[in-house]
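Undergrad: based on what follows, work out the 3D shape:
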Amino acid sequence: MRWKREDLAWAAGLIEGEGCISMQNRKLSGVRGGRPGWHLTVQMTDEDVLRRLASVIGLGRVGGPYVNKGDGKKPYKPIWSWNISSRAHCYAVLTALWPWLGARRREKVREALLSLPPGVRS
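TA: Residues are numbered from 1 along each chain as shown. Down below sits the predicted model:
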């Protein structure tokens, strides 16, 4: 992918503030234990911002609106979600955003890389 430096900096700021980087084992049919999967997610009430993120990155998908019931005392805005669940796509995006990520997010990326089996690490 060809990303503009300014767009990557903007995306990194959004992911730094609103994003979640997570790992989980995916179960494959007939395989014990599954394989590690990465997820990069941003959730918010601003659909236009997530659509811009999807456009800038060129990967992932935007879903929603999802009902946000909150505490039931007042109406809440609907929630939108952008996510990438392909390990290869997560790796590409996170390494491109690396220069603009803070220490906590960089540590999360390191954790994700180290959790991969040795033969799978990129």
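
Undergrad: what packs against the lengthiest strand in the chain?
TA: Taking DSSP state E as the criterion, the chain has its longest strand at strand 35-44. Contacts defined by 3 or more CB pairs under 8 Å, 6 or more residues apart in numbering; DSSP states H and E place strand 35-44 against helix 5-18, strand 19-26, helix 47-57, strand 79-84, helix 87-97. Yep, even glycine has a C-beta here, placed from its N, CA and C like the rest.

Undergrad: these: which one's closest to residue 67?
TA: Among those, strand 79-84 comes nearest to residue 67, with 7.9 Å by CB to CB.

Undergrad: who's in contact with that closest one?
TA: Applying CB atoms under 8 Å, 6 or more residues apart in numbering, the contact partners of strand 79-84 are 38-47, 50, 53-54, 57, 59-68, 90, 93.

Undergrad: still on that earlier bit, any chance of the helices and strands packed on strand 35-44 in TSV, plus mean neighbour count?
TA: TSV is the format used below for the helices and strands packed on strand 35-44 (neighbours: other CB atoms under 10 Å):
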stretch	mean neighbour count
helix 5-18	16
strand 19-26	15
helix 47-57	17
strand 79-84	20
helix 87-97	19
